[in-house]
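> Need coordinates for the below:
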Amino acid sequence: MDILEFGREILKSQPFSQLLGAELIAFEPGRAELRVALADTLKQQHGFAHGGVLAYLADNAMTYAGGSVLGNVLTQEIKVNYVRPAMGEALVARAEVLSHGKRQAVCRCDVYAVTEEGEKLCAAAQGTILAVE
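Down below sits the predicted model:
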């Protein structure tokens, strides 16, 4: 089984990810990309994607990226900056490992809204991913 298929199997075992309809579209050492179709049920009262959906995407994409270099992991901390309301047909999160040791990885992630005009940056995040026994 290759790393992308392995990652997709992990995603299938996450009930919350399944609830949101998340898809792992890229996964390689130090990098991960997740996508969620922007259904009406994921929007807030003004019609934008709920901030929790953007935070979920950043968090999960960073744990995939960190896990690709550390193994079994959990998020230790995360910071999300929302830079624009997210509207469109889907959201895509692209995460990468900036630095890692044996037990921790510092990762960053950009979350984009996918629109007819292209991708627009909606959130930028950074987090620390921790290896667990």
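
> For the chain, which segments count as helices?
For the chain, the helices defined by DSSP state H cover 3-12, 15-20, 51-70.

> who's in contact with the first one?
Helix 3-12 is touched from outside by 1, 17-18, 22-24, 26-29, 32, 64, 68, with contacts defined as Cβ atoms under 8 Å, 6 or more residues apart in numbering. Using the backbone N, CA and C atoms, a C-beta is placed for each residue, glycine as well.

> before we move on, what about the second one?
Defining contact as Cβ under 8 Å, 6+ apart, one finds that helix 15-20 is touched by 11-12, 36, 42, 53, 56, 60.

> same thing but 6 Å
Helix 15-20 has contacts (Cβ atoms under 6 Å, 6 or more residues apart in numbering) with 11, 36.

> Just the C-alpha atoms of it, please, in CSV.
Presented in CSV, the C-alpha positions along helix 15-20 are these (Å, rounded to 0.1, in the frame of the first residue of the first chain):
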residue,chain,number,x,y,z
PRO,A,15,-15.9,9.8,12.0
PHE,A,16,-15.7,13.6,12.1
SER,A,17,-13.7,13.7,8.8
GLN,A,18,-16.4,11.4,7.3
LEU,A,19,-19.1,13.7,8.6
LEU,A,20,-17.5,16.7,6.8
